[in-house]
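Colleague: Okay, predicted coordinates and the sequence, questions at the end:
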Amino acid sequence: MNLITRTAAALFGLLCLVGALGAIGLVTGGLSPNRLGFIDELQGWLHGLPTAGTSAVLWVVLVAGLALLVGLGLVVLQFASGRSEGPLYLLREDARGAFRIRKDAVGAIAHHVGGEISGVEEVVCAVRQTEAGALILSCRVLLRPVVDMVAAGQRFQETVKDAVEKKTGLAVTSVDLETGYTRRRVSHETRRIVK
Amino acid sequence: MKGKTMYTNEVVNQIAGHAAHTVAGVHSLGKANIIDRLKGGKALDAGMKSEVGEQEVAFDIDLVVAYGHPVQEVAQNLRTAITNQVKTMLARDVVECNINVVGVHFEAEEKEPVPEPSPRVK
């Protein structure tokens, strides 16, 4: 899970928390609807809440309690865990234990090495493992418009395969490429010709 | 006099964590979460889990490798360093040490300052 998804989940969790606490506060009388006067559309509903019947209050508390738990869980998960996602690939195993590498880490190596190749503007790499334990990399590569696509693609495949194999010790059976040219505008020096 | 000396997991993890940070290619142990970043860093024993017995210790370690170092070599060196340190300080054998590489750290590239062209005439 990347930072944006994690932040979005944390914000959603906080929203659930605030909403749930607000709803519980309103039905139990701890929070006055007048304090939420800025939400004009909800005024009628909010004023009705404290005077609602017992079953309605019970439902609100039940749903709010559920939202509270969901929100709390989401926030705790996002803030307290430093875990990364993806499966672990076995590098080596002996009587004294196993060495494994996370899929994300392999992808990061491919991304970094690929991005340093001359002419490459953007790289996105996905990693998967065959049943035999070898790796298959599928990369989307955007090149600068002036770069020879065939030569750059070949260079990319060789460099990334070599780097991932050397760094991880895992065999890379193929590096599949989807190449294109970046749409970013290339700055040209313009020269006015005066006759 | 009879007696037993017991070590808490925290102490064992700290000793192993300290040993780990002396190994070339080890950037950090465990991935930093938001709270760690706010605190300005991780604890020495972050990313380290241990089972401590009366004679033996077993570890599960989450490792972030510094880019450029072969992962298996770093893991092997880390295992050796921890095994030696635990043996020396606690007189316990490390019977199992599982290492999960959970990330790769890339140093931010620092651009070399461009030297100012020296004047052609003095």
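Modeller: Happy to help now that I have it.
Colleague: Tell me which residues touch B:Glu54, please.
Modeller: Counting by C-beta atoms under 8 Å, 6 or more residues apart in numbering or on different chains, B:Glu54 makes contact with B:4, B:6. (Each C-beta comes from the backbone N, C-alpha and C, glycine too.)
Colleague: looking at this, it is in a helix?
Modeller: No. Applying DSSP: H, G, I helix; E, B strand; the rest coil, one finds B:Glu54 to be coil, outside a helix.
Colleague: what about the helices in chain A?
Modeller: With DSSP state H as the definition, chain A shows helices at residue ranges A:3-28, A:43-48, A:54-80, A:103-115, A:149-168.
Colleague: Let me know which of these is tucked in deepest.
Modeller: Relative to the other members of the helices of chain A, helix A:103-115 carries the highest mean neighbour count by mean count of other C-beta atoms under 10 Å in any protein chain shown, namely a mean of 22.
Colleague: Summarise which helices and strands that one is packed against.
Modeller: With contacts defined as 3 or more C-beta pairs under 8 Å, 6 or more residues apart in numbering or on different chains; DSSP states H and E, the packing partners of helix A:103-115 are strand A:88-94, strand A:120-129, strand A:135-143, helix A:149-168, strand B:93-105.
Colleague: Could you list the low-confidence segments of chain A?
Modeller: Flagging of chain A using pLDDT under 70 yields the residue ranges A:1-3, A:32-54, A:79-85, A:184-195.
Colleague: 90 - rerun?
Modeller: Counting by pLDDT under 90, the ranges of chain A that qualify are A:1-86, A:118-119, A:144-149, A:179-195.
Colleague: Tell me how it divides into domains.
Modeller: The domain map for chain A lists A:3-80, A:88-181, with the assignment taken from automatic domain parsing.
Colleague: quick one: the residue nearest to A:Leu31 when sequence neighbours are not counted and A:Leu62, what's the gap?
Modeller: In space, A:Leu31 comes closest to A:Gly25 once its chain neighbours are excluded; the distance is 3.1 Å by C-beta to C-beta, 6 or more residues apart in numbering or on different chains. For A:Gly25, the distance to A:Leu62 (C-beta to C-beta, to the nearest Å) stands at 15 Å.
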